[in-house]
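Asks: here is the input, now give the coordinates:
(one chain, ligands or ions: 1)
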Amino acid sequence: MNKNALIRATALALTALSATYSIADDSVFKIGLILPMTGQQASTGRQIEAAARLYMAQNGDTVAGKKIQLIIKDDTTIPDVTKRLAQELVVNEKVNVLAGFGITPSALATAPIATQSKTPMVVMAAATSSITQASPYIVRTSFTLAQASVAMGDWAPKNGIKKVVTLVSDYGPGIDAEKYFIERLLLNGGQVAESLRVPMRSPDFAPFLQKVRDQKPDGLFVFVPSGAGAAVMKQFLERGMDKAGIKLIGTGDVTDDDQLNDMGDGALNVVTSHHYSAAHPSATNKKFVEAFQKANKGMRPNFMAVGGYDGMRVIYEALKASKGQGGGDGLLAAMKGQIFESPRGPMFIDGQTRDVVQNIYLRKVQRQDGQLHNVEFDVIKDVKDPGKTR
Ligand code: PHB
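Replies: You can find the predicted model right below:
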């Protein structure tokens, strides 16, 4: 083979190789955003995608001299699919960061890939305490159910809700919610009448709610994942449980801002504990909500959106601080310890646990400007994940 033919053959082989493996291009920074865009948690995907796009529209798509490329993949709310997509994104696309993760099983399924490939993995939605312990490359910008539930376990018995039935979705976050709520309820002199767990997939709440009625508790504490709250509220009201004097309480997942305004007046006065309300009265949040609604045909951002928005911020700031040097480890180091004002309030990524430290608010559903909102009336400041202290 003469020299020219050799050069041509080499060029051809390289083209074929890069088509198959897509050789990492240093001028591009890729974020692999894996979300449930279809399936049971599709509202989470919709909210986080909208938030990520808003963040990029507001902050540009060039950071530290690199072009940011957002690659969105739909895991259809199935953990095996999340894992396969993560593998493809790491191996074929050479993504610099993995992000998203709508449910706990999806985050847990992906954790080993983050560890093996040393790719930072920003969990923007899933909220079981143990997730951050599944890989040293995981950083979380959502919340934990332990964080939110402790506040309700303190508030309820001090406000006349002493005998409580708990009703949770039967998987990681529900089990955390049940555990940490009950622990604090008992500590504050309350009592658990019964603990019910409903299947995570396609739950039918009716038979469980019948059991709750029979117990005649002061309150029903509920955790269901974002998107399922409206069904619980509807069946709770249809059975006249509010009229029977049973107070619905829970983490803010049940009065999800994505659905709350369509729940009707029956939702009025429901008290929940959570880290984000679209009605949070800060200038930063007002700006965020306004911009989000403007960009998304009036859709109200929920707590998933804020997890996605802040997750993008953590990635952008880490890239700025590490100047794109040091690969996954450099990036991870620059994510740890970030502290900033989020639309939710002050927020801190604990360098030790890589989990979020944030305010937890007590909120009551009220009408504001004609719309149903979670109106904050109390705050517990700088709450660390209680699930990490043991
Ligand atoms: C979770 O699967 O971790 C999860 C999903 C939805 C929520 C909270 C937690 O609202």
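
Asks: OK, contacts around residue 210?
Replies: Contacts for residue 210 were tallied using Cβ atoms under 8 Å, 6 or more residues apart in numbering; they are residue 239. C-betas here are computed from N, CA, C, even on glycine.

Asks: distance of it relative to the ligand?
Replies: Using Cβ to the nearest ligand atom, to the nearest Å, one obtains 25 Å as the distance from residue 210 to the ligand.

Asks: next, the residue nearest to residue 44 when sequence neighbours are not counted: phi, psi?
Replies: The spatial neighbour of residue 44 that comes closest, neighbours along the chain excluded (Cβ to Cβ, 6 or more residues apart in numbering), is residue 102 at 4.3 Å. For residue 102, the backbone dihedrals (degrees, to the nearest 10) come out as phi -70, psi -30.

Asks: residue 325 too?
Replies: The phi/psi pair for residue 325 (degrees, to the nearest 10) is phi -90, psi 160.

Asks: returning to that earlier point: quick one: contacts for the residue nearest to residue 44?
Replies: Taking Cβ under 8 Å, 6+ apart as the criterion, residue 102 is in contact with 35, 36, 41, 44, 45, 48, 75, 77, 125, 126, 304.

Asks: and for the first one, the neighbour number?
Replies: If I follow you right, that is residue 35. 31 (other Cβ atoms under 10 Å).

Asks: partner residues bridging it?
Replies: When bridges are taken as DSSP bridges, the partners of residue 35 come out as residue 74.

Asks: distance of it from the ligand?
Replies: Here the criterion is Cβ to the nearest ligand atom. By it, residue 35 lies 12 Å from the ligand.

Asks: surely that residue touches residue 74?
Replies: Yes: taking contact to mean Cβ atoms under 8 Å, the distance of 6.7 Å between residue 35 and residue 74 places them in contact.

Asks: shared neighbours, the two?
Replies: residue 45.

Asks: before we move on, back to that, tell me which of the contacts of residue 102 fall in strands.
Replies: With strands identified by DSSP state E, the entries of these that belong to them are residue 35.

Asks: farthest pair within the contacts of residue 102?
Replies: 75 and 304 (14.6 Å; Cβ to Cβ).

Asks: strands of the stretch 151-300 of the chain, residue ranges please.
Replies: With DSSP state E, counting those that start in this stretch, the ranges of strands along the stretch 151-300 of the chain come out as 163-169, 191-198, 219-223, 247-251, 271-274.

Asks: can you redo the ones you listed as CSV with mean neighbour count?
Replies: Compiled in CSV, the strands of the stretch 151-300 of the chain are given as follows (neighbours: other Cβ atoms under 10 Å):
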stretch, mean neighbour count
strand 163-169, 25
strand 191-198, 17
strand 219-223, 29
strand 247-251, 26
strand 271-274, 25
